[in-house]
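1. predicted coordinates and the sequence they were generated for:
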Amino acid sequence: MKIALDPYMFRATPLPELPKLVADLGYEFIELSPREDFIPFFTQPRAERATIGAFRKALSGAKVGVSSLLPLYRWSGPDEDERQAAVRYWKRAIEIAVELGVTVMNSEFNGRPEQASLSEDQFRKSMDELLPIFEREGIQLRLEPHPDDFVEDGKLAIDLIRGLNSPVLSFLYCAPHTFHQGGDIDGILDHAGSLTTQVHVADSLDHRASSGLRYIVNPPGTTARVHQHLDIGQGEVDWDAFFGGLERNGFDGIMTVCVFAWEERARESSTFMLDEVRRRTRD
């Protein structure tokens, strides 16, 4: 199993300095999430040959690997021009992964929940074009249902991934999205079985609690989704069920710490989470 850090709280750190920072925190792997100077959110990648080369050199010097590359694009959006642009951006992101020697990429379904059937059709169009590239390049793609995606429920997402019937596709279980996925950690992990190849580790509060009044969002009836990425123990995710389900299914993939809530104590949070993950996976 690889324990990685999503360094989003350290995104102001210059890219060549990031591997040493991650190593100093005790991690051996980075899950490289969107950065404005490398692969930004929803726009074309910025990374070019010199940047990639300098980053590879810094990774080697720090003895840190990139466990996975995380692009986020509107490849399932109902707007066809945006979808086609997202596919172009994905193609470049795959090229960057190949140049970095990275064999795993992970992302979200995206799309719109109020236009779920159209978004799924758009997603399928994108996958028809991109899956042959992933397969040709030998890159695994792990997908997660995200709050406000066209698919949010964990079990439905697993069925959708299975239905695509590709050997490079698998499921990413994101713990802080537990309560938007249906709240059934055991049921989702058992439904996925060995299809769960990557997990995101952070805590979250159950937004459904207190008769749905834990968070009062105005105007009434808004469809906004609320969740957090907290340190373990600061939310309500059932960690015994989470780690127990992974052990039951023989999980041996990528476990990424992805706390975003504490930029003022990013180092302390990152080291605490590494210790906690190691403790719970040893027990």
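-> Done, it's in.

2. mind listing the helices for this structure?
-> 18-24, 49-62, 80-100, 116-137, 154-164, 185-192, 209-212, 239-248, 266-282 (DSSP state H).

3. contacts for the shortest one, please.
-> Looking back up the chat, that one is helix 209-212. Glu236 (Cβ atoms under 8 Å, 6 or more residues apart in numbering). (Glycine included, C-beta is placed from N, CA and C.)

4. just to revisit the earlier point, okay, the helices of the chain in TSV with mean neighbour count, mean pLDDT and distance to Glu144 next?
-> TSV is the format used below for these (neighbours: other Cβ atoms under 10 Å; pLDDT from 0 to 100; distance: least, Cβ to Cβ, whole Å):
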stretch	mean neighbour count	mean pLDDT	distance to Glu144
helix 18-24	19	98	22
helix 49-62	14	96	25
helix 80-100	17	97	16
helix 116-137	16	97	13
helix 154-164	19	96	7
helix 185-192	19	96	11
helix 209-212	9	79	23
helix 239-248	17	96	14
helix 266-282	16	96	18
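
5. just the pLDDT for the closest residue to Arg214 other than its chain neighbours.
-> Nearest residue to Arg214, sequence neighbours excluded (Cβ to Cβ, 6 or more residues apart in numbering): His207, at 5.8 Å. On pLDDT, His207 comes in at 81.

6. which residues are in contact with His207?
-> Counting by Cβ under 8 Å, 6+ apart, His207 has contacts Phe179, His180, Arg214, Tyr215, Arg225, Val226, His227.

7. what about 6 Å?
-> If you count contacts by Cβ atoms under 6 Å, 6 or more residues apart in numbering, His207 has them with Phe179, Arg214, Tyr215, Val226.
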